[in-house]
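*Asks:* sequence first, predicted coordinates after that:
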Number of protein chains: 2
Amino acid sequence: MARAPLLRTALIARSFTVKPHLFTTSRPFSGSQSKTMLTTQLSEAQVTALRVSQERLAKDLHHSCQWGYGIRWGDGPTDTGMQRLALSEEDKSARDWFIQTMKDLKCNITVDEMGNIFAIRPGRRKDVPATFIGSHLDTQPTGGRYDGILGVLSGVEALKTMDEMGLETEGGVGVVNWTNEEGARFPMSMVSSGVWAECIPLSRAHNLKEVPTVASLPTAGSAPETMKTALQKIDYLGSTKCSYKQIPIAAHFELHIEQGPHLVSAGQRVGVVTAVQAYRWFRVNVIGRDTHTGTTAFEHRADALYAFAKMMVRAREVAAAKGCLASVGIVEAKPGSVNTVPGLVSFSLDIRGPETELVAEVEKELRAEFDAIAAAEGAGIGKPCRVEWTLDFDSPAVKFHPDCIDCVQQSALAVVADADTADPKSLVRPMMSGAGHDSVFTSKRVPTSMIFVPCKDGLSHHPEEFCSADDCATGASVILQAVVRYDRKRFA
Amino acid sequence: MARAPLLRTALIARSFTVKPHLFTTSRPFSGSQSKTMLTTQLSEAQVTALRVSQERLAKDLHHSCQWGYGIRWGDGPTDTGMQRLALSEEDKSARDWFIQTMKDLKCNITVDEMGNIFAIRPGRRKDVPATFIGSHLDTQPTGGRYDGILGVLSGVEALKTMDEMGLETEGGVGVVNWTNEEGARFPMSMVSSGVWAECIPLSRAHNLKEVPTVASLPTAGSAPETMKTALQKIDYLGSTKCSYKQIPIAAHFELHIEQGPHLVSAGQRVGVVTAVQAYRWFRVNVIGRDTHTGTTAFEHRADALYAFAKMMVRAREVAAAKGCLASVGIVEAKPGSVNTVPGLVSFSLDIRGPETELVAEVEKELRAEFDAIAAAEGAGIGKPCRVEWTLDFDSPAVKFHPDCIDCVQQSALAVVADADTADPKSLVRPMMSGAGHDSVFTSKRVPTSMIFVPCKDGLSHHPEEFCSADDCATGASVILQAVVRYDRKRFA
């Protein structure tokens, strides 16, 4: 099958050949661009045949990656990662492009007071909320081209496909770009869908201060922007209240790379995401005592960094024993001098697990273990280290909505039927998301589910994060069908 | 005994009462300020009776601490630490004061191209180099009032005492303030005595870039000064070549707080420093792979920070087994995001031991251990972590000069004889320095030794670093006598 020359070949383990005739999406229902067909009037076979344009999706996706172009890892024109921190100048450019693109598709645009951009392609009925495809355009400081970006671009492509086909929906179909999903610049992930769901107070979100990252401006450390001033600076502080009451959504679908190895190592194509694991984020401080490295025997130290090291080693053991994860992404040791034993260490702790209760158990055990480690370090001088925990974020396990899951499941089976294999159904698997996504918050207010596609080596949050053009298009075709199926279900 | 009201009481474990009559230093030899006595004409009893003014030393020391006033830890006027980074505005003010003070003592001043300040009180003979008392006025970002500062101020006080007594020396007596001894702002400790000793090239020193610390200007991260531009900025880039050939020194004595617990816990008063332990400073990088914390099982990670944690825990075990120290003062994890497993960790490693060979053995063992830890982390995905070592600084064990050690030993015994104890000699101990000092470099070119005095809890590089006014004065009296004895020895 021909691929756009700028794209890398698929890297999945198992051969997957698409039947070429099924990729002919150009106006299968109409010879003109006028809207002539309504979703509720399609036959099941017509829905099953819906496909996006792989080439156009790839072209748009990489076009949008010109803003925030990151670390190069290969020779190809798109072999770079992304550095597009939320509300940066690069993010503004990507947002401007997104709005212009959606306006060209005759969408109505709403920007709310968190900078979330809602683009709605009106349906036949004007009195009902739209079904949304949503994700985010911001990236990690050393991120890739697919995490979040594929989700928004699949929405753009779904609308382009519908337009090209002349397909009208009963309710509107929207695409939403949620602000600062990564939490990399402003340290609260999914913060803007959280405000929309009224789970996070607007003032708390607006007052978040940026943290310095590798992609930050030099001023991030000395004169950090708040989220509100950053929104103002790039002119994305909208006037519409950020709330599910003010900006209603009928349902939320999100396409995402898996960010894990399950699909790619099993040679599968689509994950039907039924749930999101629980997680809690903490800031942990270890307070010891600064002292000279050359003159202070180990037994006279209260070395906060040594205590941290023991804690991190132990955290993995405790979490693994319960089938959970515990990770440290940020660590700061003060005062930060070669010959001074650090008296203060501050680190992030991210605990995840399939059940909310399991995460709580790991936390409880680690609190006791960390206290014991701290008590031992500095005991020789009667000044043991001590530990302080602050809960930054708590996301209980989420179960997605059965109606949305059904739509995704049917669509996934329909799309993988293109595969040249004896058992296409085996290419689809139900799965749980390890990472949080904006869908976690939308699911608190409206029916929601997600679609996963494989990524190379299960790698994400890394410049080499990669999803083949094939896999991107498969996911986008699934989300297109899922939205159409949901519209048909709503107005059957 | 009366103490200056602004000073805390001595905190040593054992009672130490000074015989008051011996503290009368005011002109024991002369009623006028004219120089009437020559060191070589003094009797041994007159040398033994030499004492500085405790009150004046304390007053000058705390006066000089107004520049770079640090973290408050108590209610008293001098209960603060110091934040006086090398070549900062605060350092400039302290330098300006030092020069003016030495000019008032009729010293000749030379500032060399590293900003080292040499102040010489001329002796009777003009054709010989001066004997120096030296240390540094810069501090750690969260340092105290004694490390370095006491060394320079004891020199000031020794000269004031000689002046007041009308004591002339055969060779001159100098006081030198060495630049950036701490290596806290420009990351190479003792760099300027190192250039003077021609052990460090001038260009390497001038090109050192400042590293951000808690006391740094916000620009340290984004637009770091080099040492040369920082010298220019505060007008301390002297024109004299920084070399022991250009600025000869007859001998170098240095008074310093012990920065360890031996003297204070034994209730001893003076350490006669005979040697300095060996140490090596490394920058170690661990290269793993950035990946998502929520979606990547432990066995699929190449977590550079987890590898670091295991390394740090192991480093203490390996060093302790050989009677050495291994410490990490700086650690940086990138990209530095809560939900990204760090793919790159860079840390400082400071290995110290009583013998050069022992330090080399610890290094060798740790290189192998770190490689093994790195190889295990990421093995599950065939992309193990790897380790890179860079040697930043290598200071072999140093033995001080017997002539200087003798002078210090005799002086120490003379001064502690004031103590109201049956066995004053027990208050003096020979010892090894755990920390590096400018005396390490001077010892490579000229006879050198050091004097230690106790500090509270053995604590240094910390705002609460504390040396009683008694102990400061004891050390200063020892260095005064040592310089006089050395002068007599030279010109006997």
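*Replies:* Received, thanks.
*Asks:* any idea how far the residue lying closest to A:Glu89 once chain neighbours are set aside is from chain B?
*Replies:* Spatial nearest neighbour of A:Glu89, excluding adjacent residues (C-beta to C-beta, 6 or more residues apart in numbering or on different chains): A:Ile234 at 7.0 Å. All C-beta atoms are positioned from the backbone trio N, CA, C, and that covers glycine. Using C-beta to the nearest C-beta, to the nearest Å, one obtains 21 Å as the distance from A:Ile234 to chain B.
*Asks:* so what's A:Ile234 up against?
*Replies:* Contact partners of A:Ile234, counting by C-beta atoms under 8 Å, 6 or more residues apart in numbering or on different chains, are A:Leu87, A:Ser88, A:Glu89, A:Asp91, A:Lys92, A:Arg95.
*Asks:* what pLDDT is listed against the spatially closest residue to A:Glu355 that is not a sequence neighbour?
*Replies:* Using C-beta to C-beta, 6+ apart and skipping residues adjacent in sequence, the residue nearest A:Glu355 is A:Ala397, 5.7 Å away. The model reports A:Ala397 with a pLDDT of 96.
*Asks:* ditto for A:Phe23
*Replies:* pLDDT recorded at A:Phe23 is 37.
*Asks:* hmm, back to that, hmm, which of the contacts of A:Ile234 are the buried ones?
*Replies:* Buried subset of the contacts of A:Ile234 (neighbour count, 16 or more other C-beta atoms under 10 Å in any protein chain shown): A:Leu87, A:Ser88, A:Asp91, A:Lys92, A:Arg95.
*Asks:* between all of these, which two are at the greatest distance?
*Replies:* Spanning the widest gap among those are A:Ser88 and A:Arg95, at 10.4 Å by C-beta to C-beta.
*Asks:* low-confidence ranges, the stretch 51-200 of chain A, go.
*Replies:* Confidence mapping of the stretch 51-200 of chain A against pLDDT under 70 gives zero matching residues.
*Asks:* residues of it that sit close to chain B?
*Replies:* Residues of the stretch 51-200 of chain A lying close to chain B by C-beta under 8 Å from any C-beta of the partner chain are A:Gln140, A:Pro141, A:Thr142, A:Glu182, A:Gly183, A:Ala184, A:Pro187, A:Ser189.
*Asks:* can you list those residues in CSV and add secondary structure?
*Replies:* CSV is the format used below for these (DSSP: H, G, I helix; E, B strand; the rest coil):
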residue, secondary structure
A:Gln140, coil
A:Pro141, coil
A:Thr142, coil
A:Glu182, coil
A:Gly183, coil
A:Ala184, coil
A:Pro187, coil
A:Ser189, coil
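*Asks:* of those, closest to A:Gln83?
*Replies:* A:Pro141 (5.8 Å).
*Asks:* can you get me a residue count around that closest one?
*Replies:* Residues contacting A:Pro141 under the criterion other C-beta atoms under 10 Å in any protein chain shown number 26.
*Asks:* on that earlier part again, now the residues of the stretch 51-200 of chain A next to chain B as TSV including distance to B:Lys383?
*Replies:* TSV is the format used below for these (distance: C-beta to C-beta, whole Å):
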residue	distance to B:Lys383
A:Gln140	19
A:Pro141	21
A:Thr142	16
A:Glu182	24
A:Gly183	26
A:Ala184	23
A:Pro187	28
A:Ser189	26
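*Asks:* type out the PyMOL command that picks the buried ones from the residues you listed.
*Replies:* Selecting only the buried entries of those in PyMOL, with 16+ other C-beta under 10 Å as the criterion:
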select buried, chain A and resi 140+141+142+182+183+184+187+189
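*Asks:* pick the one among the buried ones among the contacts of A:Ile234 closest to B:Leu366.
*Replies:* Of all those, B:Leu366 sits closest to A:Ser88, with 40.6 Å by C-beta to C-beta.
*Asks:* what's the helix or strand for A:Ser449?
*Replies:* If you go by DSSP states H and E, A:Ser449 is part of strand A:448-453.
*Asks:* that strand near chain B at all?
*Replies:* No - Strand A:448-453 is not in contact with chain B by C-beta under 8 Å from any C-beta; minimum separation 9.8 Å.
*Asks:* so what strands line up beside that strand?
*Replies:* Applying DSSP bridges to the sheet, strand A:448-453 is found paired with strand A:251-257 (parallel), strand A:270-276 (antiparallel).
*Asks:* and the next helix or strand past the first one?
*Replies:* Proceeding N to C from strand A:251-257, the next assigned helix or strand is helix A:262-266, under DSSP H and E.
*Asks:* give me the buried positions along that next one.
*Replies:* In helix A:262-266, counting by 16+ other C-beta under 10 Å, buried: A:His262, A:Leu263, A:Val264.
*Asks:* hang on, the earlier thing: okay if I get the contacts of A:Ile234 as JSON lines plus secondary structure?
*Replies:* Below are the contacts of A:Ile234 laid out as JSON lines (three-state DSSP):
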{"residue": "A:Leu87", "secondary structure": "coil"}
{"residue": "A:Ser88", "secondary structure": "coil"}
{"residue": "A:Glu89", "secondary structure": "helix"}
{"residue": "A:Asp91", "secondary structure": "helix"}
{"residue": "A:Lys92", "secondary structure": "helix"}
{"residue": "A:Arg95", "secondary structure": "helix"}
